[in-house]
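How does the following fold in three dimensions:
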Amino acid sequence: MLTIGVSGKKGKEKTSQNYFDKMTKKTKIGLIQLKISKNVELNIKNSISKIKVASNKGAKIICVPELFLSKYFCQTEKHSNFKLAEKIPNKTTDIFCKTAKEFSVILVLSLFEKKISGMYHNTVLIINEKGKIINKYRKMHIPDDPGYYEKFYFTPGDLGFKSTRTKYCNIGSLICWDQWFPEAARITTLKGADIIFYPTAIGWHPKEKKKFGKKQLDSWITIQRSHAIANGVYVAAINRVGIERNGKTKIDFWGNSFVSDPSGKIIGKLGNKKDGVLITEIDLRKIESARQHWPFLRDRRIDAYKSILKNPKDE
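Reported below is the predicted structural model:
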């Protein structure tokens, strides 16, 4: 392609060409909503079979739910659960690196990482279509609520917010509790993300479902759609599904995995009872269009935001 460069001379303008290619490209993503069993090997087989289905349907970037290898162990505080953590890379990542290469897809995986003895992270890996781990994100916001005792297990992330360049688009990945924080989505966007994946493990406490269930689910969907709108990005939330028991406690994971476009429109969604595969086409031109019509990034006042770095003062 011939372009007019800054100098006014005709020639091949690599930067302009790459930008043009990117903004006219469409791709498909796959969300794998899983019902998790107690058997790690079975969970691996189930996820790989669904990755194959997603690949056969044209998905080039595929994401699984948070901590998909095992039941959600954070329902209780048990030191024995630390045996589930693995250093990275490991045998499991080798399996999924081979899977990514076999199907020529990019994988977004959430794993329980052992950094060193006594330090563990909730970590997302980006594996490219050649089977190489190309980036890592460690969950920054760690919850501590009834049934979600993650502070017992995870050290807060130490790698910062990330955007990963791939052959299809720039991928940002945050994890579950991160999805409630606008700062996380904004910084990930400013790092260059075109789409933010949120691998998630969230559901209802069964005793609260009747009274608060609809309101909680609506809030979860709304906050993520708002990130898409405020930042002009695609957002993909990938949840597990089904009731998981741990002793006397249990969580009814609500599924409802979905994709929002940069205008906040839900363009694909799964239900709340079954596992499944959601395939959605991503049109990167919508990002540019959204940011031109709603220029929230342009009109930020970073000179006036210093107070956000401070905790509220006691009156």
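
Quick one: the helices in the stretch 101-250 of the chain, in order.
182-190, 206-231 (DSSP state H, counting those that start in this stretch).

which residues of this protein score low on pLDDT?
Within the chain, the stretches with pLDDT under 70 are 1-24, 314-315.

Send me the longest strand seen in it as PDB with only the CA atoms.
Longest strand in the chain by number of residues, with DSSP state E as the criterion: strand 106-116. C-alpha atoms of strand 106-116 as PDB (Å, rounded to 0.1, in the frame of the first residue of the first chain):
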ATOM      1  CA  ILE A 106      -4.600 -18.100  21.800                       C
ATOM      2  CA  LEU A 107      -5.600 -19.300  25.300                       C
ATOM      3  CA  VAL A 108      -6.300 -17.300  28.300                       C
ATOM      4  CA  LEU A 109      -6.000 -19.500  31.400                       C
ATOM      5  CA  SER A 110      -6.500 -18.800  35.200                       C
ATOM      6  CA  LEU A 111      -4.300 -20.900  37.500                       C
ATOM      7  CA  PHE A 112      -3.300 -21.200  41.100                       C
ATOM      8  CA  GLU A 113       0.400 -20.300  41.000                       C
ATOM      9  CA  LYS A 114       3.100 -21.100  43.600                       C
ATOM     10  CA  LYS A 115       5.600 -18.300  43.200                       C
ATOM     11  CA  ILE A 116       7.800 -19.500  46.100                       C
END
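
What's the local residue count around the closest residue to Leu159 other than its chain neighbours?
Excluding the flanking residues, the one nearest Leu159 by CB to CB, 6 or more residues apart in numbering is Arg138, at 5.1 Å. Just so you know, the C-beta spots here come from the backbone N, C-alpha and C atoms, and that holds for glycine as well. Neighbour count of Arg138, defined by other CB atoms under 10 Å: 20.

Arg138 and Tyr120 touch, don't they?
No - counting by CB atoms under 8 Å, Arg138 stays clear of Tyr120, with 9.9 Å between them.

Next, show the common contact partners of the two.
Common contacts of Arg138 and Tyr120 (CB atoms under 8 Å, 6 or more residues apart in numbering): 113, 155.

quick one, what contacts the residue nearest to Leu159?
So Arg138 contacts 113, 121-124, 155-159 (CB under 8 Å, 6+ apart).

of these, buried ones?
Burial by neighbour count, judged by 16 or more other CB atoms under 10 Å, picks out 113, 121-124, 155, 157 from the contacts of Arg138.

Which pair of those spans the longest distance?
Val124 and Thr155 (15.0 Å; CB to CB).

highest average neighbour count across the helices of the stretch 101-250 of the chain?
helix 182-190 (a mean of 19; mean count of other CB atoms under 10 Å).

who's in contact with it?
140-141, 161-163, 172, 174, 178-179, 196, 226-227, 230-233, 235, 297, 308.

What angle do helix 206-231 and that helix make with each other?
Per axes from the mean of the first three to the mean of the last three CA atoms, to 10 degrees, the angle that helix 182-190 makes with helix 206-231 is 40 degrees.

Tell me how far helix 182-190 lies from the chain's centre.
13 Å (CA atoms, centre = their mean, to the nearest Å).

swap in stretch 107-115?
12 Å.

try stretch 152-165
Relative to where its chain is centred, stretch 152-165 has its mean C-alpha point 12 Å off (CA atoms, centre = their mean).

ok, and what's touching it?
Under CB under 8 Å, 6+ apart, the answer for stretch 152-165 is 73-74, 77, 81-82, 112, 115, 119-122, 126, 134-142, 144, 170-174, 184, 187-188, 191-193.

Now, of the residues you listed, which are buried?
73-74, 81, 112, 120-122, 126, 135-142, 170-174, 184, 187-188, 193.

Any chance of the backbone angles for Lys286?
phi -70, psi -30 (degrees, to the nearest 10).
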